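**Q** Sharing a model that was predicted from the sequence below.
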Amino acid sequence: MEISADVLLVIDLQNGVCYSDYSDEHLFGLEELLTKVNERISLYRKLNKQIIFVQHCDEELVPGEELWAIHAKLDVQAQDILINKTHANSFYRTNLKEILDQLNVHSIEFCGAQTEYCMDATIKFAHGLGYKNSMIKNATSTLNHSFMSAEETINFYEKMWNHRYLEFI
């Protein structure tokens, strides 16, 4: 059987995050990422484990609007937990910690976007709270930047997180 954590945390795979407003650019390897995330969702459903979707909210990602919506290719179901956040750290001023406590969660598997922002902040904060964190390789993505390509950014963060803040499975 494949390795899994107590919960799967899917962060910010929303229309307005997956696709840049300023160009035709989209998250690096978006189709592959969506496939990987759906495979993990399927595993967690098969194991009757909880899936939590986190959605960022700001002046561009307005709750209820198209940019805020979770990408249509992701398998979101009624039993999944949805959390809104306004900060890169998914724990900051949300009820995520309380939900994890209610579910008696000790380990979290992460996937989502963007690597250097919301993923990094949440992974490190969860580590600081004592959770056992895990991720499959390339289960996060970002956009290209003038200082580093998306692929370089992902590789950099995966190397930094590995054996420090999470374990790859």
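**A** In hand now; what should we look at?

**Q** OK, contacts around Leu67?
**A** 14-16, 21, 60-61 (C-beta atoms under 8 Å, 6 or more residues apart in numbering). Backbone N, C-alpha and C define where each C-beta goes, glycine included.

**Q** Doesn't it lie inside a helix?
**A** No - under DSSP: H, G, I helix; E, B strand; the rest coil, Leu67 falls outside any helix and is assigned coil.

**Q** Can you tell me, leaving aside adjacent residues, what's nearest to it?
**A** Spatial nearest neighbour of Leu67, excluding adjacent residues (C-beta to C-beta, 6 or more residues apart in numbering): Gly16 at 3.1 Å.

**Q** Assess the claim that the one you found and Glu60 are in contact.
**A** Yes - between Gly16 and Glu60 there is a contact under C-beta atoms under 8 Å: 5.8 Å.

**Q** When those two are compared, which one has more neighbours?
**A** Between Gly16 and Glu60, counted using other C-beta atoms under 10 Å, the more crowded position is Gly16 (19 against 12).

**Q** Assign a three-state SS to the more buried one, would you?
**A** Applying three-state DSSP: Gly16 is helix.

**Q** now it: how far from Leu47?
**A** 31 Å (C-beta to C-beta, to the nearest Å).

**Q** ok, now Asn144?
**A** Asn144 is 36 Å from Leu47, by C-beta to C-beta.

**Q** Contact partners for the nearest residue to Cys118 once chain neighbours are set aside?
**A** The shortest distance from Cys118 to any non-neighbouring residue, by C-beta to C-beta, 6+ apart, is to Ala88 (4.7 Å). When contacts are counted by C-beta under 8 Å, 6+ apart, Ala88 touches 117-118, 120-122.

**Q** Among those, which one sits closest to Ser149?
**A** Tyr117 (16.0 Å; C-beta to C-beta).

**Q** All the helices of this protein, in order from the start?
**A** For the chain, the helices defined by DSSP state H occupy 15-18, 30-46, 96-102, 120-128, 150-161.

**Q** Distance to Lys137 and mean pLDDT added to these, as JSON lines?
**A** Shown next, in JSON lines, are the helices of the chain (distance: least, C-beta to C-beta, whole Å; pLDDT from 0 to 100):
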{"stretch": "helix 15-18", "distance to Lys137": "19", "mean pLDDT": "94"}
{"stretch": "helix 30-46", "distance to Lys137": "9", "mean pLDDT": "97"}
{"stretch": "helix 96-102", "distance to Lys137": "24", "mean pLDDT": "98"}
{"stretch": "helix 120-128", "distance to Lys137": "14", "mean pLDDT": "98"}
{"stretch": "helix 150-161", "distance to Lys137": "7", "mean pLDDT": "98"}
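
**Q** Please consider this matter closed, and thank you.
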